[in-house]
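**Q** okay, sequence plus prediction incoming.
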Amino acid sequence: MTPDQSLLDLSDTFFTVAVALYSVALVAFCAELAFGRSRAAQRELVAAGNGPALDVAENPAADDAPRRRAQRLGAAGIGLTALGALAHAAVLVFRGLGTDRLPWGNMYEFATAVVLVAVVTYVVLALRSPALRHIGVFVLAPVVLGMVGTGLFLYVEGGPLIAALRSSWLAIHVSAAIIGFGIFLVSGIASVLYLIREKDEQKPAEERGTGFVSRLPSSSVLDRLAHRTAVFGFPIWTFAVIAGAIWAESAWGRFWGWDPKETWSFIAWVVYAGYLHARTTAGWRGRPAAWVNVVGLAVMIFNLTFVNLVSSGLHSYADVG
């Protein structure tokens with residue numbers, strides 16, 4: 001089938017719209033952190049003589065205005081992120097319609113889908129737990145960078161799948177890999193923020209930061225977020241690895257051949273299994289386990305970028321995960 005160029009052009013347009021909406025949402029989240037003020041910061045202003053005469057605890061209205069302004073900015077950020085996700089989904093929908101196939105047959109489509117899963121995961125979590133809205137900056141910043149990098153360096157014209165990918169396993173294996181990777185992306189970001197927040201909480205009260213760190217969710221909330229998303233993503237990634245092995249047997253006559261892509265996918269699986277074990281093991285809970293999760297995210301990104309773009313192997317023909 002000849003690709004429908006009008007639908008492919010529409011997909012490209014929605015890509016630009018999604019990047020623009022995410023960028024504006026990122027600005028809104030940045031403004032929320034900049035203009036919002038924690039109660040600890042307000043008390044410091046009072047003590048320094050730069051704030052209202054009454055302590056915030058005695059005069060709750062003293063910081064209502066900046067708090068309401070920050071809440072409006074945060075709500076705008078979530079709304080713009082959700083709109084961006086809709087435009088983002090349209091990128092893949094029209095890409096698929098324009099090529100009459102599943103829209104993850106190359107690295108451009110795969111990376112675009114992974115970022116969409118991460119965004120949707122964040123929006124769902126933020127709507128369920130409004131406190132998580134404060135990590136929006138740290139989710140949207142890599143999202144915008146990832147989208148821009150994908151558009152600049154990975155973009156390819158829409159076209160039919162090569163013969164090796166024309167299999168029902170494309171929908172099964174690659175879909176699972178996309179979902180697992182997107183969820184792990186949010187989990188890894190949560191662990192990075194946990195390490196920052198937990199370090200600040202260990203300081204004496206008078207030495208703790210009063211900037212953006214003070215407005216992050218507590219370290220316990222971030223730790224639970226990282227763990228629960230990893231728990232959700234791990235069986236999906238496990239299924240992706242198993243489905244890939246089955247597809248390999250069908251396509252190449254062997255389940256496993258230690259191809260670079262297979263090897264690093266398995267390494268990622270081992271690291272995340274180690275994280276989930278460490279998270280429930282005395283002596284490993286907290287910072288050690290969080291570092292293991294961060295390593296897992298680094299392995300996933302390495303697998304997507306270096307392994308696909310630099311190394312050579314049986315998976316190199318399509319530049320897909």
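**A** Structure's in. What do you need?
**Q** wouldn't residue 244 be in contact with residue 173 here?
**A** Yes. Contact criterion CB atoms under 8 Å: residue 244 and residue 173 qualify, at 4.9 Å. Every C-beta, even on glycine, is put in place using the N, C-alpha and C of the backbone.
**Q** pLDDT below threshold where in this structure?
**A** 1, 36-66, 163-164, 205-211, 311-321 (pLDDT under 70).
**Q** list the buried residues for the longest helix along it?
**A** The longest helix of the chain (DSSP state H) is helix 64-99. For helix 64-99, the neighbour count (16 or more other CB atoms under 10 Å) marks 67, 70, 73-74, 76-78, 80-85, 87-92, 94-99 as buried.
**Q** repeat that for stretch 235-250.
**A** Result for stretch 235-250 [16+ other CB under 10 Å]: buried residues 236, 237, 239, 240, 241, 243, 244, 245, 247, 248.
**Q** reformat those as a markdown table; add distance to residue 266.
**A** Formatted as a markdown table, the buried residues of stretch 235-250 follow (distance: CB to CB, whole Å):
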| residue | distance to residue 266 |
| --- | --- |
| 236 | 15 |
| 237 | 10 |
| 239 | 14 |
| 240 | 11 |
| 241 | 7 |
| 243 | 14 |
| 244 | 10 |
| 245 | 10 |
| 247 | 15 |
| 248 | 12 |
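**Q** return the subset of these lying in helices.
**A** Per DSSP H, the subset of the buried residues of stretch 235-250 in helices is 236, 237, 239, 240, 241, 243, 244, 245, 247, 248.
**Q** ok, now which ones touch the first one?
**A** Residue 236 makes contacts with 176, 179, 180, 183, as judged by CB atoms under 8 Å, 6 or more residues apart in numbering.
**Q** neighbours around the second one, how many?
**A** Which is residue 179. Residue 179 is flanked by 21 other residues according to other CB atoms under 10 Å.
**Q** same check on residue 8?
**A** So residue 8, with other CB under 10 Å, has 18 neighbours.
**Q** pretty sure it is touching residue 95, no?
**A** Yes. Judged on CB under 8 Å, residue 8 makes contact with residue 95 at a distance of 6.7 Å.
**Q** name the residues contacting each of the two.
**A** residue 158.
**Q** residue 3 sits in which helix or strand?
**A** Under DSSP states H and E, no helix or strand contains residue 3.
**Q** contacting residues around it?
**A** Counting by CB under 8 Å, 6+ apart, residue 3 has contacts 98, 99, 100, 157, 158, 159, 160.
**Q** now residue 217
**A** 131, 132, 134, 135, 197, 225.
**Q** how does the chain divide into domains?
**A** 1-157, 162-321 (automatic domain parsing).
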